[in-house]
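[1] Curious how this folds, go ahead:
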Amino acid sequence: MCGRFVVAGAADDLVGLFDVDLPADNLPGPSWNIAPTDTVSIVLDSIPKDSGTGEPQRRLEAARWGLVPAWAKDIGVGARAFNARIESVAESSMFKTAVRKRRALVPATGYYEWRMVEGVKRPNFIHLPDEVTVFAGLYEWWRDPSKADDDPARWVLSTTILTRDAVGELGSIHDRMPVFLAPELIEEWLDPHADVSDELLEAVAAGGAAVAERMQYYEVGREVGNVRNNGPQLLEPVS
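    Next comes the predicted model:
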């Protein structure tokens, strides 16, 4: 699973890295302890309503972590939907609409996972040294029925991170891991014209397994377990 992650760089750095056409104005700053319902930066391709060509526009947006489907009665549904299992995402009532047309990237510096050692859960920081980690994600827009039609906050953008069975060394920490998106699959994953297929999901899962083999990890302090703690000191390894 993926329940905490880190974005240590500035959101502006992602504009050039992912060839973003339109960055949002409300992007979150760095955080070393991102938890579900926090705001995160996501990359998505969408087709402008006034586009005469149908060409997608790449956007960098601020999204609530925890997907809220359009049919939800309240935003609280998203608190349980911060991860989506890639094995069942195409059939899930929560995610099947988003996986067809609203796929996203969730960039990160790395993420935390807890390993059980002699009956004690110990947090580890998992990352690609000197590289941005890219999680395969989904997004949705939800209309808040409690807000007026002219309220700019009436639309909520939310996201979820796909997971799969852990492989290699990461399997010794936890039985699940995020789906890491291989660079060669980014364009196809984001393409709003491409409907999802079993072949695409299988390719993304396989590519993520290859990226996982390059992941490195080390134990960090238990302070990360408290969402009120934040800052680069959380990444310091324990001796």
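
[2] Specify the local secondary structure of Ile42.
    What DSSP: H, G, I helix; E, B strand; the rest coil gives for Ile42 is strand.

[3] Dig out what it forms beta bridges with.
    Beta-bridge partners of Ile42, counted by DSSP bridges, are Glu61.

[4] so it touches Leu105, yeah?
    Yes - contact criterion CB atoms under 8 Å: Ile42 and Leu105 qualify, at 6.5 Å. All C-beta spots, glycine's among them, are computed from the backbone N, C-alpha and C.

[5] which neighbours do these two share?
    Gly137 (CB atoms under 8 Å, 6 or more residues apart in numbering).

[6] Can you give me the buried ones in stretch 54-63?
    Across stretch 54-63, burial judged by 16 or more other CB atoms under 10 Å covers Pro56, Arg58, Arg59, Leu60, Glu61, Ala62, Ala63.

[7] Any figure for the gap between the second one and Val211?
    Going from Arg58 to Val211 by CB to CB, to the nearest Å gives 21 Å.

[8] Likewise for the last one?
    In this structure, Ala63 and Val211 are separated by 22 Å, where distance is defined by CB to CB.

[9] I'd like the buried residues of stretch 54-63 as JSON lines, with distance to Gly119 appended.
    Putting the buried residues of stretch 54-63 into JSON lines (distance: CB to CB, whole Å) gives the following:
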{"residue": "Pro56", "distance to Gly119": "50"}
{"residue": "Arg58", "distance to Gly119": "47"}
{"residue": "Arg59", "distance to Gly119": "46"}
{"residue": "Leu60", "distance to Gly119": "43"}
{"residue": "Glu61", "distance to Gly119": "42"}
{"residue": "Ala62", "distance to Gly119": "39"}
{"residue": "Ala63", "distance to Gly119": "37"}
